[in-house]
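Visitor: here are the coordinates; sequence isn't available:
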Ligand SMILES: [Zn+2]
Ligand SMILES: [Zn+2]
C-alpha cells in the first residue's frame, strides 16, 4: 500500500487495525487511495496536525504506532464520499472525519465523528 510512510523520513509505524479497515473498504471502493498514514513529529507540525494526532507513532499497546489514515477516492463524489464515511464506521473505524477531498479514519479507543466545514471542525458526538 502506498503512502503509509512518513514522506519526510520514511517512518512506517502504521498499525494493523487501521490497515485492516482500509483493506476492507478497498473491496467496496477499488479506487480508494491512501494519502497519509504515519507522520513523525516534525512532519505532523509542518502539516498543522493535531498535537495528539492519530497519525503520530504514539498509539497502540506499546505507544509507538500510528492508528490513522487519510483516504480518498479517485472518483470523489458527494454520494460516494458519504457512503465511504458510513462504511468506515461499519468496518471498525472509531474516529471518522469528513474533509473536502478526503476522509480521516482512526482506530483510537473513542468513537468520534466530525466534518470539516470551511476549515473548522464540527463534532457530531
Ligand atoms: Zn518524518
Ligand atoms: Zn488524518
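Guide: Sure thing, it's come through. Quick caveat, the model's predicted, so the values are computed rather than measured. Ligands and ions are numbered 1, 2, ... in the order given.
Visitor: helix/strand/coil for the residue most central in space within the chain?
Guide: By Cα atoms, centre = their mean, the chain has its centre lying nearest to residue 69, at 2.6 Å. Taken by DSSP: H, G, I helix; E, B strand; the rest coil, the conformation at residue 69 corresponds to strand.
Visitor: who's it bridged to?
Guide: Beta bridges link residue 69 to residue 105, judged by DSSP bridges.
Visitor: wait, isn't residue 107 in contact with residue 22?
Guide: No: with contact defined as Cβ atoms under 8 Å, residue 107 does not count as touching residue 22 (10.4 Å). All C-beta spots, glycine's among them, are computed from the backbone N, C-alpha and C.
Visitor: On the pLDDT front, check the residue nearest to the centre of the chain for me.
Guide: On the pLDDT scale, residue 69 is placed at 98.
Visitor: show me what contacts it?
Guide: 4, 14, 18-19, 21-22, 34, 36-37, 104-106 (Cβ atoms under 8 Å, 6 or more residues apart in numbering).
Visitor: Next one: the one residue in the chain that gets nearest to ligand 2 from ligand 1, what distance?
Guide: With Cβ to the ion as the measure, residue 104 is the residue of the chain nearest to ligand 2, at 3.4 Å. To ligand 1, residue 104 is 18 Å away according to Cβ to the ion, to the nearest Å.
Visitor: mind checking pLDDT for the nearest residue to that residue once chain neighbours are set aside?
Guide: Counting by Cβ to Cβ, 6 or more residues apart in numbering, residue 104 lies nearest to residue 97, which is 4.0 Å off, once chain neighbours are set aside. Note on residue 97: pLDDT of 98.
Visitor: so what does whichever strand or helix holds residue 97 touch, helix or strand wise?
Guide: Secondary structure from DSSP states H and E places residue 97 in strand 95-98. Counting contacts by 3 or more Cβ pairs under 8 Å, 6 or more residues apart in numbering; DSSP states H and E, strand 95-98 packs against helix 78-90, strand 103-106, strand 112-117.
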